[in-house]
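[1] sequence below, structure please.
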Amino acid sequence: MDIDTAGQSSSSSSSTSPTQFLDSLLPQLPTSLHEQVHQLDIQAQRKLWHQLTNTLQAFLSNPESNPVHIELYDKFVKGLAAKLDKRRLVEIATTVAGQYEGGLTSFSEWRTTPPLPLFQHHHTLHS
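    Reported below is the predicted structural model:
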């Protein structure tokens, strides 16, 4: 997993809007998931963080969305991380981490690995 600094994240998000990014995912996904992608965009624009988190978790739980998990996390979720419920954000990050080659097999394994780049800026997540 690449480590992004705050400056890198904001510069990459300035080149593509969230709507453009989400639209770019559509060709990689079956049409059955397109409505959820559109809902993510609408909910982000309207700042409906709870609903967006629900839609995001439903989307990520569908195996057909697996090919875009990492890109969605890196280019969309990271930009919204401060707005999302921290417990559910950890669940999302854990789901996405499973998509990496040799992904995490359990929560206990996740807790013993170096923190995801997202958590380097959010120190309140320590238990």
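
[2] buried sites along stretch 90-102?
    Within stretch 90-102, the residues scored as buried using 16 or more other Cβ atoms under 10 Å are 90-93, 95-97, 99. The C-beta positions use only the backbone N, C-alpha and C, and glycine is treated the same way.

[3] could I get those as CSV with secondary structure, pLDDT and distance to Pro18?
    Below are the buried residues of stretch 90-102 laid out as CSV (DSSP: H, G, I helix; E, B strand; the rest coil; pLDDT from 0 to 100; distance: Cβ to Cβ, whole Å):
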residue, secondary structure, pLDDT, distance to Pro18
Val90, helix, 93, 22
Glu91, helix, 94, 21
Ile92, helix, 94, 16
Ala93, helix, 92, 19
Thr95, helix, 90, 20
Val96, helix, 91, 17
Ala97, helix, 88, 22
Gln99, coil, 82, 20
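
[4] pick the one among those closest to Leu60.
    For the buried residues of stretch 90-102, the residue nearest Leu60 by Cβ to Cβ is Thr95; the value is 4.9 Å.

[5] surely Val37 meets Gln28?
    No - with contact defined as Cβ atoms under 8 Å, Val37 does not count as touching Gln28 (10.1 Å).

[6] more crowded one of the two?
    Shown here are Val37 and Gln28; by other Cβ atoms under 10 Å, Val37 has more neighbours (19 against 11).

[7] quick check: closest non-adjacent residue to the more buried one.
    The shortest distance from Val37 to any non-neighbouring residue, by Cβ to Cβ, 6 or more residues apart in numbering, is to Leu22 (5.3 Å).

[8] roughly how far apart are that neighbour and Val77?
    12 Å (Cβ to Cβ, to the nearest Å).

[9] pull the contacting residues for Leu25.
    Taking Cβ atoms under 8 Å, 6 or more residues apart in numbering as the criterion, Leu25 is in contact with 37, 68, 71-72.

[10] quick one, phi/psi of it?
    Backbone torsions of Leu25, given as degrees, to the nearest 10, read phi -80, psi -30.
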